[in-house]
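K.L.:
Curious how this folds, go ahead:
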Amino acid sequence: MPGPLLENITGRRTAQRPVWLMRQAGRYLPEYRALRAEKGGFLELVYDSEAAAEITMQPIDRFGFDGAILFSDILIVPHALGQDLWFEAGEGPRLAPPLVDGALAGLEKAFHHFEPIYETVRLVRKRLSPEVTMLGFAGSPWTVATYMVAGQGSKDHGLARSLAWRDPEAFATLVGAIETASIEYLLGQIDAGAEAVQLFDSWSGSLSPAQFERWVIAPNARITAAIHEARPGVPVIGFPKGAGAKLPAYARETGVDALGVDETQEPEWIDAQLAPGMPVQGNLDPMLLLAGGSALDEGVDRILAAFSDRPHVFNLGHGIDKETPIAHVERLLARLRGQGQ
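P.N.:
A predicted model of the protein is given here:
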């Protein structure tokens, strides 16, 4: 029997709302901080399958979440496409060379970087109980491209947006390469034991409606269709952070099985805009979880009420903040599990 998370994202509402949290394996957990101090840097942990599996399991062992999300990073795909990848302490990821002209020429593919990720999935799946869903993921092409073009994160994604307008053919080639690699990567995760996969489009909100259609909806639709064709029955969760009013179009046109939603839209509006029965995941503000108290209780209750008539996976609107107290997560779970339906 599938667990409650898998039931909901495939359209079958359960009485008890399943829950997992984006970045649930990470710096807010003392056991994660201890293992990272022992093992070294972030990327070293990602490519150490035993350590990555242990980190993936830490929040499951502590909180009993309904889903285990692979401990990895969306920039594994650029690394596999041939860019150098490292993380600067306190400053985030770096990719070299920056693809400011969109050209992949001169890069040598290194798809062997996928192998330790697949092994992490295999190790975690062996440790999980059957009712806990194993979730794989990849970054969506637009978001991944913003890093590949700039060589790092940016506030306005200006280099990628400029390239997409200035030389759309070159940018389309880059996006196509990310698509192809991401499909292989996700299929590999599924074959290793992932029961569902999520596409993270963390920076989709920086695009105009027309560019959103071309660089967010269209690539995600192609990836989703490829997953459905190659592995029928494996659901795809799409998470277009910042999509705003473009969210209903994303839900209709990408073909995703479930829609991850961020905290910038009211849950009642989301429910009213989506087709009946469309599974939703989200959308508690991570800062509300950080704040805790009665405000957290009220936020949880509002989301439960807004999505009471559709399949729903409780989650945050983005990743959990590293300063979030463990007690606040415990309070959230007590509220959810006490409410039932």
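K.L.:
For residue 188, pull up the helix or strand it's in.
P.N.:
helix 168-192 (DSSP states H and E).
K.L.:
Revised request: answer the last question for residue 225.
P.N.:
With DSSP H and E as criterion, residue 225 is part of helix 218-230.
K.L.:
thinking again about what came up before, check which helices and strands the helix holding residue 188 is in contact with.
P.N.:
Packed against helix 168-192 by the contact rule (3 or more Cβ pairs under 8 Å, 6 or more residues apart in numbering; DSSP states H and E) you find helix 76-81, helix 114-127, strand 133-139, helix 141-150, helix 158-166, strand 196-201, helix 218-230. Where C-beta positions appear, they are placed from N, C-alpha and C, glycine not excepted.
K.L.:
Export these as a markdown table, with columns for distance to residue 278, mean neighbour count and mean pLDDT.
P.N.:
Shown next, in a markdown table, are these (distance: least, Cβ to Cβ, whole Å; neighbours: other Cβ atoms under 10 Å; pLDDT from 0 to 100):
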| stretch | distance to residue 278 | mean neighbour count | mean pLDDT |
| --- | --- | --- | --- |
| helix 76-81 | 28 | 24 | 98 |
| helix 114-127 | 27 | 19 | 98 |
| strand 133-139 | 19 | 25 | 98 |
| helix 141-150 | 22 | 27 | 97 |
| helix 158-166 | 29 | 18 | 95 |
| strand 196-201 | 15 | 26 | 98 |
| helix 218-230 | 14 | 19 | 98 |
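K.L.:
Now render the ones you listed as a markdown table, adding distance to residue 321.
P.N.:
Converted to a markdown table, the helices and strands packed on helix 168-192 look like this (distance: least, Cβ to Cβ, whole Å):
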| stretch | distance to residue 321 |
| --- | --- |
| helix 76-81 | 23 |
| helix 114-127 | 24 |
| strand 133-139 | 20 |
| helix 141-150 | 20 |
| helix 158-166 | 26 |
| strand 196-201 | 17 |
| helix 218-230 | 27 |
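K.L.:
Compare these and report which one is nearest to residue 334.
P.N.:
strand 133-139 (21.5 Å; Cβ to Cβ).
K.L.:
So what's the gap between that closest one and the chain middle?
P.N.:
7 Å (Cα atoms, centre = their mean, to the nearest Å).
K.L.:
quick one, what contacts the residue nearest the centre of the chain?
P.N.:
Using Cα atoms, centre = their mean, the residue of the chain that lies closest to the mean C-alpha position is residue 200, 4.1 Å off. Contacts for residue 200 (Cβ atoms under 8 Å, 6 or more residues apart in numbering) come out as 74, 137, 138, 139, 140, 143, 239, 241.
K.L.:
and the fifth one, how many neighbours does it have?
P.N.:
Around residue 140 sit 30 other residues, with neighbours defined as other Cβ atoms under 10 Å.
K.L.:
what about it, distance to residue 252?
P.N.:
17 Å (Cβ to Cβ, to the nearest Å).
K.L.:
And for the third one?
P.N.:
Taking Cβ to Cβ as the criterion, residue 138 is separated from residue 252 by 22 Å.
K.L.:
Equivalent analysis for the fourth one, please.
P.N.:
Between residue 139 and residue 252 the distance, using Cβ to Cβ, works out to 22 Å.
K.L.:
again with the second one
P.N.:
If you measure residue 137 against residue 252 using Cβ to Cβ, the figure is 22 Å.
K.L.:
which residues sit in contact with residue 172?
P.N.:
Residue 172 neighbours (Cβ under 8 Å, 6+ apart): none.
K.L.:
Also the one 5 residues further on?
P.N.:
Contact criterion Cβ under 8 Å, 6+ apart gives 81, 104 as the residues in contact with residue 177.
K.L.:
Helices along the stretch 1-150 of the chain, start to end?
P.N.:
For the stretch 1-150 of the chain, helices defined by DSSP state H, counting those that start in this stretch occupy the ranges 4-9, 30-39, 42-47, 49-63, 76-81, 114-127, 141-150.
K.L.:
Grab the CA positions of the second one and hand them over as CSV.
P.N.:
Listed in CSV are the C-alpha atoms of helix 30-39, where the atom choice follows Å, rounded to 0.1, in the frame of the first residue of the first chain:
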residue,chain,number,x,y,z
PRO,A,30,22.0,19.5,15.6
GLU,A,31,22.7,16.0,14.2
TYR,A,32,23.2,17.5,10.8
ARG,A,33,25.6,20.1,12.1
ALA,A,34,27.6,17.4,13.9
LEU,A,35,27.9,15.2,10.9
ARG,A,36,28.9,18.1,8.7
ALA,A,37,31.6,19.2,11.2
GLU,A,38,32.9,15.6,11.1
LYS,A,39,32.7,15.1,7.3
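K.L.:
which helices and strands sit right next to it?
P.N.:
Helix 30-39 packs on helix 42-47, helix 49-63, going by 3+ Cβ pairs under 8 Å, 6+ apart.
K.L.:
Thanks a lot, catch you later.
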